[in-house]
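Asks: Sharing a model prediction with you, sequence too.
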Amino acid sequence: MIRHDYPNLQKWLLHLYYDLSPEETRNAFAPTTHFDAIMEGYAAASKSKIVPLGPLPLMMPKP
């Protein structure tokens, strides 16, 4: 899991999600991240068709 196993990558993702404005990221992160759609797409692509419930929280709070 990125948030536990890759702390530097997690720090970078949090920076992209929380610190940069939508103009800086061209609306590529927080405004357009739809976790429900991501999890449903993952389930549709997998053999099990089970929609994951987490991780919870979906995005870690800003440190």
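Replies: Yes, it's here.

Asks: all helices of the chain, in order?
Replies: Using DSSP state H, the helices of the chain run over residues 2-5, 7-14, 22-25, 35-45.

Asks: and of those, who's closest to P55?
Replies: Among these, helix 2-5 comes nearest to P55, with 7.0 Å by CB to CB. Backbone N, C-alpha and C define where each C-beta goes, glycine included.

Asks: Just the CA atoms of that closest one, as CSV, please.
Replies: Taking only C-alpha atoms (Å, rounded to 0.1, in the frame of the first residue of the first chain), the coordinates of helix 2-5 have been written out as CSV:
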residue,chain,number,x,y,z
ILE,A,2,1.5,3.3,-1.0
ARG,A,3,0.6,5.2,2.1
HIS,A,4,2.5,2.7,4.4
ASP,A,5,5.1,1.1,2.2
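
Asks: Among the helices of the chain, single out whichever gets nearest to P61.
Replies: Judged by CB to CB, the one of those that comes nearest to P61 is helix 7-14, at 8.7 Å.

Asks: buried residues in the closest one?
Replies: Buried residues in helix 7-14, counting neighbours by 16 or more other CB atoms under 10 Å, are found at Q10, L13, L14.

Asks: any residues touching stretch 52-63, and which ones?
Replies: The list of residues contacting stretch 52-63 from outside it, by CB atoms under 8 Å, 6 or more residues apart in numbering, reads M1, R3, Q10, L14, Y17, Y18, D19, T33, F35, M39, Y42, A43.

Asks: Pipe those residues into CSV and attach distance to P55 and pLDDT per row.
Replies: Output for those, formatted as CSV (distance: CB to CB, whole Å; pLDDT from 0 to 100):
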residue, distance to P55, pLDDT
M1, 7, 80
R3, 7, 86
Q10, 11, 91
L14, 14, 90
Y17, 14, 86
Y18, 17, 88
D19, 21, 88
T33, 14, 84
F35, 10, 87
M39, 10, 87
Y42, 12, 85
A43, 15, 89
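
Asks: Quick one, which of those residues are buried?
Replies: Buried positions within the contacts of stretch 52-63, assessed by neighbour count (16+ other CB under 10 Å), are Q10, L14, M39.

Asks: list the contacts for the closest residue to H4 other than its chain neighbours?
Replies: For H4, ignoring the flanking residues on the chain, the nearest one in space by CB to CB, 6 or more residues apart in numbering is Q10 at 8.0 Å. Q10 makes contacts with I2, R3, H4, M60, as judged by CB under 8 Å, 6+ apart.
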